[in-house]
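> next come a sequence and a model predicted from it.
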Amino acid sequence: MANELFDLTGDVAVVTGAGRGIGEGIAKVLSGAGASVVCAARRTEEIDRVAGEIRAAGGKAIAVTTDVTDEAQVEALAQGAVDEFGKLNIWVNNAGGSPVQAPLVELPREEWEATLNLNLTGIYLGVRAAVKHMEPGGRIVNTSSLASEDVFPGSGHYSAAKAGVNMLTRTLAHELGPHIRVNAILPGFVPTEVMMEALSITDDDLDGLQQSLQLPAGRLGTPEDLGAAVLYFCSPAASWVTGQCLRVGGTS
């Protein structure tokens, strides 16, 4: 019974931002649960590697180079999933981030617009493309951030975009229910390339960061931690859960 609750055998999942970090972890966890996975990102060599590692482990995966801010490319991604695997059940809007930190009044307007375009409009485009192909029982999971609820000076543009993701998630859950469930994860401190670049830290700084944060869980997060949360939302175990924004950050 427990295995059936988290079994995705026969499902087809698209994961954006799947070439590294959290997206890679999500793609591999969903594959491990039985889903066929379409790995999408702008960097072809990265998603080729992830898809190849999934296949080498016995799973089914393809790579589709995609810029999630380009509507035509996102539409082609959804169609590509259906062309390859025959259907589309799960869409994970994970692509996002911002390497820039600056007070809002000093932030260049082009960076503000680029951050909203990638982190918020990209999700809107992904959902529009996905629902055209989803039958009843579809699942959408959006990647938000603890920054959507907590204040991080210097990241106001990113926080604003991710706060928008939370409301987008809740609204979509009402508009697309009961046929499609929509939820979001709010990752905390996971030492991905994007996070470390944004904080201007290296691997040598991680022990100090962990000590300064004093997380109740006692450690920083991993991509697999976030993959497990996405698996829950996509699985039969969460069949009565929609419109939720789950903090996955080792703290309250």
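Everything's here; your move.
> any idea how far S155 lies from L168?
Applying Cβ to Cβ, to the nearest Å, one obtains 19 Å for the distance of S155 from L168. Every C-beta, even on glycine, is put in place using the N, C-alpha and C of the backbone.
> between these two, which one's more packed in?
When neighbours are counted by other Cβ atoms under 10 Å, S155 and L168 differ, and S155 comes out ahead with 23 against 19.
> can you give me the strands in the stretch 51-200 of the chain?
Listed from the start of the chain, the stretch 51-200 of the chain has strands (DSSP state E, counting those that start in this stretch) covering 61-65, 90-93, 138-143, 180-187.
> looking at those strands, which is closest to N117?
Closest to N117 of the strands of the stretch 51-200 of the chain is strand 90-93 (Cβ to Cβ; 13.4 Å).
> elements contacting the closest one?
Packing partners of strand 90-93 (3 or more Cβ pairs under 8 Å, 6 or more residues apart in numbering; DSSP states H and E): strand 12-16, helix 21-32, helix 122-131, strand 138-143, helix 223-234.
> average pLDDT for it?
On average, the pLDDT along strand 90-93 is 99.
> so what strands line up beside it?
Strands that pair with strand 90-93, judged by DSSP bridges, come out as strand 12-16 (parallel), strand 138-143 (parallel).
> circling back: next, format the helices and strands packed on strand 90-93 as CSV and append mean pLDDT and mean neighbour count.
Supplementary listing: the helices and strands packed on strand 90-93 in CSV, determined by pLDDT from 0 to 100; neighbours: other Cβ atoms under 10 Å:
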stretch, mean pLDDT, mean neighbour count
strand 12-16, 98, 29
helix 21-32, 98, 27
helix 122-131, 98, 22
strand 138-143, 98, 26
helix 223-234, 98, 22
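> please convert the ones you listed to a markdown table, extending it with distance to H179.
Converted to a markdown table, the helices and strands packed on strand 90-93 look like this (distance: least, Cβ to Cβ, whole Å):
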| stretch | distance to H179 |
| --- | --- |
| strand 12-16 | 17 |
| helix 21-32 | 21 |
| helix 122-131 | 9 |
| strand 138-143 | 7 |
| helix 223-234 | 15 |
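> which one of the ones you listed lies nearest to K87?
Across those, the minimum distance to K87, taken as Cβ to Cβ, is reached by strand 12-16, at 5.4 Å.
> ok, and what's touching the closest one?
By Cβ atoms under 8 Å, 6 or more residues apart in numbering, the surrounding residues in contact with strand 12-16 are 23, 26-27, 30, 35-41, 66, 68, 77-78, 81-82, 85-95, 122, 126, 130, 234.
> can we see that at 7 Å?
Identification of contacts with strand 12-16 by Cβ atoms under 7 Å, 6 or more residues apart in numbering yields 23, 26-27, 30, 35-41, 66, 68, 77-78, 81, 85, 87-95, 126.
> pairing partners for the nearest residue to L172 once chain neighbours are set aside in the sheet, please.
The shortest distance from L172 to any non-neighbouring residue, by Cβ to Cβ, 6 or more residues apart in numbering, is to V182 (4.3 Å). Taking DSSP bridges, one obtains I140 as the residues bridged to V182.
> what residues does V182 make contact with?
Taking Cβ under 7 Å, 6+ apart as the definition, contacts of V182 comprise I140, T169, L172, A173, L176, T242, G243.
> next one: S200
By Cβ under 7 Å, 6+ apart, S200 has no neighbours at all.
> next up, the contacts around G227.
Contacts of G227 were listed using Cβ under 7 Å, 6+ apart, and they are G25, I26, K28, V29.
> state the mean pLDDT of stretch 64-77.
The model assigns stretch 64-77 a mean pLDDT of 98.
> ok, stretch 103-110 next?
For stretch 103-110, the per-residue pLDDT values average out at 98.
> related to what we said a few turns ago, for the strands of the stretch 51-200 of the chain, give me CSV that also has distance to L118.
CSV is the format used below for the strands of the stretch 51-200 of the chain (distance: least, Cβ to Cβ, whole Å):
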stretch, distance to L118
strand 61-65, 16
strand 90-93, 11
strand 138-143, 12
strand 180-187, 16
